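> compute the structure for the input listed below.
(one chain, ligands or ions: 1)
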Amino acid sequence: MALVTGAGSGIGRANSVLMAARGAAVIVNDRNATSADETVALIRRAGGAALACVADVSDAASVEQAFAAAQRGVGAVDILVNNAGIPSGMPAFEDIDEAAIDRMLNVTVKGAMLCTRNVLPAMKARRRGKIINTSSITAFGSHARGSVYAAAKGAVISLTRAWAREFAEWNIHVNAVAPGRVRTAMAAALSANPAYEEEVRRRVPLGRRAEPDEIAAVVAFLASSDADYMTGQVLSPNGGEIM
Ligand code: NAD
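Numbering: from 1, shown residues only. The predicted structure follows:
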């Protein structure tokens, strides 16, 4: 059983569709019920098994209630993909107010903690699990702006490494994916800027952004037995922007 957070759109939807195509039953989490249902419908139309699970990952009570109900329906989670995220908008640091700081850290960092905490006891009891966290190349200093997003994504890498050590004893593997620029709703505002595509051509050796499927392929690898000797690692599909 796989659970993907923020799976109503973009990379999370692509992750869910690919894992379902490879035989996993998928719990499709999103805070937006309509988009979660759309992902579930896509998977079922292709012959896969999926269940919607509406919860705000930054709200402990919401996660507890929705995850428990979903797992009662379809069984314990073996693969958790902490993918839910919100756009940074790339503001200058002094333009980021306290509410925006709280929102970013709550969804990105606390959200991954709450979801992991929820599925961990069953993974430990079964002595197996794969947790894939979603960072970003911004964690490596790829952009001049959006420092709160960058800090949150850096914290995701720290969590990945700390959890990898802490949970290894239970055969639970924890890795992260740190995508470069991906063509999703999150980056839609950037795409509207004509200078942006030019910047992509200039800064990304492969000369284009990734499609969500290209990130999903890396996540699916980390979720599979092919990655059984990997833990605490960060894979960064980024077209060569960071080497
Ligand atoms: P997206 O906006 O297409 O999808 C994000 C999904 O997360 C949405 O469906 C949204 O409703 C959901 N979500 C947001 N907050 C939530 C919450 N509190 N609880 C539950 N669901 C919530 O974005 P995307 O581009 O597919 O991004 C997915 C992940 O990849 C994010 O963590 C993002 O930071 C990361 N990422 C994206 C890019 C990129 O260029 N698009 C690059 C690097 C990393």
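> L3 is in contact with L80, isn't it?
Yes: counting by C-beta atoms under 8 Å, L80 is a contact partner of L3 at 5.3 Å. (C-beta placed from N, C-alpha, C; glycine too.)
> touching both of the two, which residues are there?
Residues touching both L3 and L80 by C-beta atoms under 8 Å, 6 or more residues apart in numbering: 115, 119.
> mind checking which helix or strand L3 is in?
Using DSSP states H and E, L3 sits in strand 2-4.
> the helix or strand just after that strand vs the ligand: in contact?
Following strand 2-4 in sequence order, the next helix or strand is helix 10-21 (DSSP H and E). Yes: Helix 10-21 lies within reach of the ligand by C-beta under 6 Å from any ligand atom, at 10-12.
> now swap in stretch 47-63 and tell me
Yes: applying C-beta under 6 Å from any ligand atom, one finds stretch 47-63 touching the ligand at 56-58.
> same list (those residues) but as JSON lines, adding neighbour count and secondary structure.
Formatted as JSON lines, these follow (neighbours: other C-beta atoms under 10 Å; DSSP: H, G, I helix; E, B strand; the rest coil):
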{"residue": "D56", "neighbour count": "19", "secondary structure": "coil"}
{"residue": "V57", "neighbour count": "28", "secondary structure": "coil"}
{"residue": "S58", "neighbour count": "24", "secondary structure": "coil"}
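> redo these as CSV? Include pLDDT.
Shown next, in CSV, are those (pLDDT from 0 to 100):
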residue, pLDDT
D56, 98
V57, 98
S58, 98
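> and of the residues you listed, the nearest to N175?
V57 (18.9 Å; C-beta to C-beta).
> give the burial count for the residue nearest to that closest one when sequence neighbours are not counted, as a bare number.
Spatial nearest neighbour of V57, excluding adjacent residues (C-beta to C-beta, 6 or more residues apart in numbering): G111 at 3.4 Å. G111: 28 surrounding residues under other C-beta atoms under 10 Å.
> list the contacts for G111?
5, 57-58, 82, 84.
> can you get me the start-to-end distance on stretch 129-144?
36 Å (C-alpha to C-alpha, to the nearest Å).
> now N118: how far from the ligand?
Going from N118 to the ligand by C-beta to the nearest ligand atom, to the nearest Å gives 13 Å.
> backbone phi and psi for the residue nearest to the spatial centre of the chain, please?
Central residue of the chain (C-alpha atoms, centre = their mean): N83, 1.7 Å from the mean position. When read as degrees, to the nearest 10, the backbone of N83 gives phi -120, psi -20.
> try I132
Per-residue torsions, I132: phi -120, psi 120 (degrees, to the nearest 10).
> pull the number of nearby residues for it.
For I132, the count of nearby residues is 26 (other C-beta under 10 Å).
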